[in-house]
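**Student:** Make a model of this:
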Amino acid sequence: MRKLILAAGLAASLSACGSSGLLNRDRPDEFAVSRQAPLVIPPDFALVPPAPGAPSAATVDSSRAAMEAMFGGPAARSATESAALSAAGRGNAAPGIRSSAGDPATDVVEKGETTRDIIAAPEGDGQDARASVPQQ
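**Tutor:** Next comes the predicted model:
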């Protein structure tokens, strides 16, 4: 029995080497492969040597440089935008308020179920929106 199983296994493994019959498949041509040229980093002619007395690259604040690279420097504001910000009390805002607004330890005021329903409402085209003012 062992010899029969061994012979069947040997026949199955050798049948994969054949190029005709049931197991005929397309194979890649290993001689058609060509070598590609290696990648070369072109020289950067915009680089200049550091000026004497300039701060070294290690002293530059990398996080600030990354933020300026991503978002640019402070944008110039129009007169209308500056007036709106001043009217909204821009000078009274705490400097780190954005980092503490989403903090779980921040105390918030419960606005009630109506506000929660408005925020959770699905977006629509506004055609079915109706407003009613209770009569007093």
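
**Student:** Just the CA coordinates for the helix or strand of the chain with the lowest mean pLDDT, please, in PDB.
**Tutor:** Across the helices and strands of the chain, mean pLDDT, DSSP states H and E gives its lowest value to helix 97-101, namely a mean of 74. Only the C-alpha atoms of helix 97-101 are listed here, as PDB (Å, rounded to 0.1, in the frame of the first residue of the first chain):
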ATOM      1  CA  ILE A  97      -8.500  76.600  24.000                       C
ATOM      2  CA  ARG A  98      -8.400  74.400  20.900                       C
ATOM      3  CA  SER A  99      -6.300  71.700  22.600                       C
ATOM      4  CA  SER A 100      -8.600  71.600  25.700                       C
ATOM      5  CA  ALA A 101     -12.000  71.800  23.900                       C
END
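
**Student:** Quick one: residues in contact with it.
**Tutor:** 94, 106 (Cβ atoms under 8 Å, 6 or more residues apart in numbering). Placement of C-beta: from N, CA and C, glycine included.

**Student:** cutoff 6 Å now
**Tutor:** Residues outside helix 97-101 that contact it (Cβ atoms under 6 Å, 6 or more residues apart in numbering) are residue 106.

**Student:** do stretch 124-136 as well
**Tutor:** Contacting residues not belonging to stretch 124-136 are not present [Cβ under 6 Å, 6+ apart].

**Student:** continuing past the least confident helix or strand of the chain, what's the next helix or strand?
**Tutor:** The helix or strand immediately downstream of helix 97-101 is helix 113-120, counting by DSSP states H and E.

**Student:** Starting from the longest helix along the chain, tell me the next helix or strand along the chain.
**Tutor:** For the chain, the longest helix by residue count, based on DSSP state H, is helix 2-15. Scanning forward in sequence from helix 2-15 by DSSP H and E, the next helix or strand is helix 62-71.
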